[in-house]
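Student: just coords:
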């Protein structure tokens, strides 16, 4: 597709989904599994799409997607990000969780345009930083490895030590006034709330 960017889209789907009780990636929103909603959008934007998962067989049927297992297992989102950046073909990657059904193409492209050589571009909403709706450079890899080796597994644990650009909510809120891009689903209750929001 001509408009695709030389950029990698990373989808983290390695969580145990304990609170949901089943794999969140395949829960349907508006008749389509969440993972497919994200893939359909990413195919419009990115030249490369990676899914990081500990159950590769569930994703084998997707075309034009590269599936990888965690290089460092059981290290949460930070371990998934490490794996995605390691395998990505491009300097920058946009990383999300598999349980975010309302991603916004305009907002993603807005964040990409904000890159000026930083290691991380992350939006900040009224709830705080959004590390699973952010852009990461391959330059993050050594520090991620060091952070994991120190026993930490939260993505934000790497933020104080890297060149980070925070995009304040006022800069992008008109692109997503309801902040739906940042909604994620962890429990059956949240799922029902999301479904009530859907048209």
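Tutor: Yep, it's here. Only a predicted model underlies this, so the values are computations on that prediction, with no experimental measurement involved.

Student: contacts and neighbour counts: CA atoms only from here.
Tutor: Will do.

Student: Is the residue nearest to residue 95 when sequence neighbours are not counted bridged to anything, and to what?
Tutor: In space, and not counting its chain neighbours, residue 95 is closest to residue 10: 4.6 Å by Cα to Cα, 6 or more residues apart in numbering. Note on residue 10: beta-bridge partners by DSSP bridges are residue 50, residue 95.

Student: Neighbours of residue 10, how many?
Tutor: For residue 10, the neighbour count with other Cα atoms under 10 Å is 31.

Student: pLDDT weak spots in this protein?
Tutor: Counting by pLDDT under 70, the ranges of the chain that qualify are 1-4, 15-23, 194-199.

Student: which residues of it fall in helices?
Tutor: All helices of the chain, identified by DSSP state H, fall at 34-45, 76-87, 105-113, 141-149, 169-172, 188-197.

Student: can you list those in a markdown table and add distance to residue 158 and mean neighbour count?
Tutor: Converted to a markdown table, these look like this (distance: least, Cα to Cα, whole Å; neighbours: other Cα atoms under 10 Å):
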| stretch | distance to residue 158 | mean neighbour count |
| --- | --- | --- |
| helix 34-45 | 26 | 19 |
| helix 76-87 | 9 | 23 |
| helix 105-113 | 20 | 15 |
| helix 141-149 | 6 | 16 |
| helix 169-172 | 22 | 14 |
| helix 188-197 | 29 | 13 |
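
Student: Same list (those) but as TSV, adding distance to residue 98.
Tutor: Converted to TSV, the helices of the chain look like this (distance: least, Cα to Cα, whole Å):
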stretch	distance to residue 98
helix 34-45	6
helix 76-87	11
helix 105-113	16
helix 141-149	21
helix 169-172	22
helix 188-197	14
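
Student: Sounds good, over and out.
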